[in-house]
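Novice: The following comprises the amino acid sequence and a computationally predicted model.
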Amino acid sequence: MPAITVSEHIDKAIRKIDKSTAIDHWDRNLGRYDAEELMSEVLGRRLTPALLGRVLDGESKQRFAAMVSRRVNGEPIPRIKGHYAFRGLDLLVREGVFVPRASSELLAAEAVRALRRRRGQRVAVDVATGAGPVALAIANEVRGAEVWGVDISEDAAALGKDNARHLGLRNAHFRAGDLLDALPRRLRGEIDVFTIHPPYVLRRDLKELPKEIREFEPLQSLTDGSDDGLGLVRRLAAEAHGWLKPGGFVLVEVGTYLSRRTQAALREARLVDVTWTKDELGVTRVISGRTPRRNARLA
């Protein structure tokens, strides 16, 4: 039997992934992207024409086949690999904690931009932080800032701490608790930016989610149990006034279909200058509002 090359292993994996009903095939090339990413992980390097013509050794062949089987069953790629690249950071990923999304990079970028416009000691808090991608990106890009990530999940807070240690980001801190209850009281009135990627899936829509989300993400990371998906956003917007400096920001990442309702929720909570930011595809991703400026603390 002729030896099978790396390229042939990838083609075989693509056919399997493309047939999977557990995956949301939002891109027709998703099977190729996934197969090549898994093969790169097995080989420990980026794929090149020379590598594609190589023959896999037995151990690598078995490892790749096992990874492909997990993906066909719906398991997210970052969970299979155990890590995820986010704004240049290599984040650890574990079972029981929401997998970071590339869409959240815009939320982190907006927070960094807002912080860099602030004067004095700067403080940022990421709510529902999960593995901590947004908090860690902020801490990495605004080194003088004090950054906190809070989550109701003890597992998430523990993973955030591990990621901070792994990345050597001493200005990033993580705690578990209900919304802002986890924060030190000394931060009241001292925070410049809140960020949140809330669990905004409506309860009635949970059963419609693809298996790769429904069965591999913690329930509390998908929905807050509210009828409109904005229960946690409304709570944060209402409580933010007691924690933010004058002119401080609340930045919310939501699905584009919730954009108008999120804007309304921020306005109802007496936040001002409510606006939105679109990604490179023109999709609304981040809704922002701020507390009124009562002094000149904002640059």
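Specialist: Thanks, I have it.
Novice: tell me which element L91 is part of?
Specialist: strand 89-92 (DSSP states H and E).
Novice: now swap in V125 and tell me
Specialist: Going by DSSP H and E, V125 is part of strand 123-127.
Novice: mind listing what that strand pairs with, with the direction of each?
Specialist: strand 146-151 (parallel), strand 191-196 (parallel) (DSSP bridges).
Novice: Report the angle between whatever helix or strand comes next after the first one and strand 146-151.
Specialist: Think strand 146-151. Along the chain past strand 146-151, the next helix or strand (assigned with DSSP H and E) turns out to be helix 154-167. Between the axes of helix 154-167 and strand 146-151, defined by axes from the mean of the first three to the mean of the last three CA atoms, to 10 degrees, the angle is 150 degrees.
Novice: what's in contact with the next helix-or-strand element following helix 154-167?
Specialist: With elements assigned by DSSP H and E, the helix or strand that comes after helix 154-167 is strand 172-176. Strand 172-176 is contacted from outside by 129, 132, 135-136, 139, 146-154, 156-158, 160-161, 164, 182-183, using CB atoms under 8 Å, 6 or more residues apart in numbering. Every residue, glycine included, has its C-beta placed from N, CA and C.
Novice: Which residue ranges of the protein form helices?
Specialist: 6-19, 30-43, 49-52, 58-72, 77-81, 104-116, 133-141, 154-167, 211-214, 231-240, 259-268 (DSSP state H).
Novice: just those: most buried one?
Specialist: Across those, averaging neighbours per residue (mean count of other CB atoms under 10 Å) puts helix 133-141 on top, at a mean of 27.
Novice: before we move on, the earlier item: would JSON lines of the helices of the chain with mean pLDDT be doable?
Specialist: What follows is the helices of the chain, written out as JSON lines (pLDDT from 0 to 100):
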{"stretch": "helix 6-19", "mean pLDDT": "98"}
{"stretch": "helix 30-43", "mean pLDDT": "98"}
{"stretch": "helix 49-52", "mean pLDDT": "94"}
{"stretch": "helix 58-72", "mean pLDDT": "97"}
{"stretch": "helix 77-81", "mean pLDDT": "97"}
{"stretch": "helix 104-116", "mean pLDDT": "97"}
{"stretch": "helix 133-141", "mean pLDDT": "98"}
{"stretch": "helix 154-167", "mean pLDDT": "98"}
{"stretch": "helix 211-214", "mean pLDDT": "94"}
{"stretch": "helix 231-240", "mean pLDDT": "97"}
{"stretch": "helix 259-268", "mean pLDDT": "97"}
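Novice: how about CSV for these, with distance to L92 added?
Specialist: As requested, the helices of the chain are exported to CSV (distance: least, CB to CB, whole Å):
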stretch, distance to L92
helix 6-19, 24
helix 30-43, 14
helix 49-52, 26
helix 58-72, 17
helix 77-81, 10
helix 104-116, 16
helix 133-141, 11
helix 154-167, 5
helix 211-214, 20
helix 231-240, 25
helix 259-268, 30
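Novice: Leaving out chain neighbours, which residue sits closest to P198?
Specialist: L232 (4.6 Å; CB to CB, 6 or more residues apart in numbering).
Novice: if I pick the one you found, what's in contact with it?
Specialist: V127, A128, L179, I196, P198, P199, Y200, D224, S226.
Novice: Sort out which one of those residues lies nearest V286 for me.
Specialist: Using CB to CB, I196 is the member of the contacts of L232 that lies nearest V286, at 10.3 Å.
Novice: What is the burial count for that closest one?
Specialist: By other CB atoms under 10 Å, 26 other residues sit near I196.
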